[in-house]
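Q: sequence? don't have it. structure:
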């Protein structure tokens, strides 16, 4: 059965044991938005040290894409988060 | 011949920086020295509240009010602190009956203090601020208070006027040679007409008999708040903090929480007075206790991440009043310490008053209770 | 049976070895790792149902040896993967959180052994913060866990044997790098390299064969000077400079940078009073072979301490042999640092988290460390200086050698920790810890 996470409302399939970064990488999604300081959000160190690859989950908060395992239905957004109309809600 | 200054200020925290600035502005040749560097101790490990409400009734309240007014002047366009002092609402909240009474007292006091601070709103549940926790029964919104980043203020004070900046340079000792103060430091000898000792807790290395102790508080820093919905417009202070400070009561059920939104976008969460006494270090248990209560009061905090925890060590005086004044009859050596967390608020005023003393040879009468002479009898009781 | 328990953070070679030795001495061990399975960097396991890319015979042999010994001691070891260690406070209490955020514990082990492996060094240069510019290690991590290389043209650059190892792995995964850009020239030290143990040379030869067969060009005495996006924003363009001053540009999709390794001692000081120890690459760059012995050595030290006995350690000579080998490797690859921060474009970012540039650093006049952090905001972001402190310190004081790895002292949390995790954490008592470990929870 296909498992999906959601990236900016787009379904992204993942395999067992994959991290968020793994699943997104399969679709060539490597740019996760920007931080408040203007830093590009992307995988850099791959082991949770650089804090560059943060993605946004509504209830949990900012999470590391390179470490966090995928879960079916995980609903993620790039930073800054887009509201339902696709506009940037945080400026 | 050691280099001679009009005044040497030992300590580049916010008190020393303010004093050095005010003196240099009036044309004095000033050197400011520090064992490590600017804001290396308490001033660099603090929140930035410029608050009158949190001060005890009496001289501290009165001085804070004067200092708040002065902050307003100094941050006008073209002045040294332009852009650094941010006026914003202060939210004092209660979760218990005792805290509620503290808010009543505060409300009355605000009326007495006059127009500089005022009550903008007084809300009982449901409260006007979004996201406040269910345990909060009342929020008093006060306007007129503000916030600074102490390190920016210090940097502005010491860079805007001509002065010699010496660090790392530790004050070791001083002595009198006729009308001159000879100062021995780790960088060699200097001389000056006056020496100001504003070295915080380290004042006891020069004046061992001053009853100053180290009182620490753990502070927690989050990363920048990302979710716009979680942003606070002003600091949230538990009324327990007012109880803690003003009446020396320790309320175990409601720890004195302060959630301070820094202008960097991070939150500083603290319990700024630790009745646990001699903790100079940080520990998970205390942090958990603090954060548990903070999350009850402001639930959006739950999803934020903390990036640092540190202990700020403040100079605390046995009778809870700062020490400001000439250490002996000569008037040549002045001590300015023991501000225990009120240094940021009082610093502009202290700088101005010490400068006045240097020129007029006398402190204003309202400051007489802070004079170090009060310890010469060693009969001080709490 | 000792009632003591030890927390080992990091299930790589050093951590596994330490855990094995402790368990052999009947000390309960809780072994945690943030990855999905044990193995660390060198022996990172593939995700479930994924065919792993082939490993070298040397690698396979070592893993078999270490894991057999480890598996034999399971009575006293419990393994928790996908668990992050937030640090240990001054009272010896550690916080462990699983990556789902649902299981958070305060524990008070009798000792902690940090075995988190090395960190990669990446010298800042214009464009290093663009998307698809990453550490070579992150590419290797992705490769080993998913058996997939990033899709597109990859160039790897920096210095050290890791470049050819990772390059060979990319070949095996079906996406050979378009070029390997090496800053040194190891062939000028042929005699030195012959002093390396035969297994090292065999491994290097193995990688080189793979690269040659895949026709991967290797450029020596060269470095990537600058990275830009292409005009249509669809790819990257790297500017490669060689030591003779020539430059050329190449269009590429991914850049894997690796300018060496450093100890991963962020936030820790070895504190005998609190019984915190470090082992393996996080403490000293020893390489995988020596990490096995170092793990054993530190495990025995801790076991001796906790059982009040003196347990002898027999492998000292092996340990020294591999440490010497690492020294030789360093010498073989040594070269003048090709990138000079003082001469670099001032808009180059140094502090990634706070987006602070060389220009921001220049604006501070003779700053103290406090001023650099508070006024300059360097090292004040989420990574707390892990990736910028070395460069900030070197910039202000080029003679700092070696610079301290962080701008401050040990601290916790060692990584950003969610308030939810702290608030929800339950405290596990020592006896609870011991019984959980022995029930293998």
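A: Cool, the structure landed. None of the values given here were measured: they were computed from a predicted structure.

Q: going forward, measure contacts and count neighbours with C-alpha atoms only.
A: Noted.

Q: could you give the secondary structure assignment for the nearest residue to residue B:230 once chain neighbours are set aside?
A: Take residue B:230 and drop its neighbours on the chain: the residue closest to it by C-alpha to C-alpha, 6 or more residues apart in numbering or on different chains is residue B:300, 5.7 Å away. Using DSSP: H, G, I helix; E, B strand; the rest coil as the criterion, the local structure at residue B:300 reads helix.

Q: just give me the neighbour total for residue B:300.
A: Residue B:300 has 22 neighbours, counted by other C-alpha atoms under 10 Å in any protein chain shown.

Q: hang on, it packs against residue B:225?
A: No. Here residue B:300 lies out of contact with residue B:225, judged by C-alpha atoms under 8 Å, at a distance of 10.2 Å.

Q: anything in contact with each of those two?
A: Shared contacts of residue B:300 and residue B:225, defined by C-alpha atoms under 8 Å, 6 or more residues apart in numbering or on different chains, are not found at any residue.

Q: give the contact list for residue C:159.
A: Residue C:159 makes contact with C:181, C:182, C:183, C:184, C:258, C:259, C:260, C:333 under the criterion C-alpha under 8 Å, 6+ apart.

Q: wasn't residue A:6 part of a strand?
A: Yes. Applying three-state DSSP, one finds residue A:6 inside a strand.

Q: which strand residues bridge it?
A: Residue A:6 has these beta-bridge partners by DSSP bridges: residue A:11, residue A:75.

Q: so who does residue B:87 touch?
A: The neighbours of residue B:87, taking C-alpha under 8 Å, 6+ apart as the test, are B:143, B:144, B:145, B:146, B:147.

Q: find the nearest non-adjacent residue to the last one, please.
A: Across the structure, with C-alpha to C-alpha, 6+ apart as the measure, the residue nearest residue B:147 apart from its sequence neighbours is residue B:49 (4.7 Å).

Q: with the fourth one instead?
A: Distances taken as C-alpha to C-alpha, 6+ apart put residue B:87 closest to residue B:146, at 4.1 Å, once the chain neighbours are dropped.

Q: quick check on that neighbour: phi, psi?
A: Backbone torsions of residue B:87, given as degrees, to the nearest 10, read phi -80, psi 140.

Q: from residue C:184, how far off is it?
A: Look at residue B:87 and residue C:184: by C-alpha to C-alpha, to the nearest Å, they are 56 Å apart.

Q: burial count for residue C:92?
A: Burial of residue C:92, expressed as a neighbour count using other C-alpha under 10 Å, amounts to 19.

Q: pLDDT weak spots in the stretch 101-250 of chain B?
A: Low-confidence segments of the stretch 101-250 of chain B, defined by pLDDT under 70, are located at B:244-250.

Q: mind listing what the residue nearest the centre of chain A touches?
A: For chain A, the residue whose C-alpha lies nearest the mean C-alpha position (C-alpha atoms, centre = their mean) is residue A:55; its distance is 3.9 Å. With contacts defined as C-alpha under 8 Å, 6+ apart, residue A:55 is in contact with A:32, A:41, A:62, A:63, A:64, A:65, A:76, A:77, A:78, A:79.

Q: and with 10 Å instead?
A: Under the criterion of C-alpha atoms under 10 Å, 6 or more residues apart in numbering or on different chains, the contact list for residue A:55 reads A:7, A:20-21, A:32-35, A:41-42, A:61-66, A:76-81.

Q: skipping its backbone neighbours, what lies nearest whichever residue of chain C sits closest to chain B in space?
A: Chain B sits closest to residue C:418 of chain C, with a gap of 4.0 Å, by C-alpha to the nearest C-alpha. The spatial neighbour of residue C:418 that comes closest, neighbours along the chain excluded (C-alpha to C-alpha, 6+ apart), is residue B:305 at 4.0 Å.

Q: follow-up on the earlier one: go ahead and confirm the residue nearest to residue B:230 touches residue B:227.
A: Yes. At 9.2 Å, residue B:300 and residue B:227 qualify as touching, with contact defined as C-alpha atoms under 10 Å.

Q: now the residue nearest to the centre of chain A, what's its secondary structure?
A: Of the three states, residue A:55 takes strand according to three-state DSSP.
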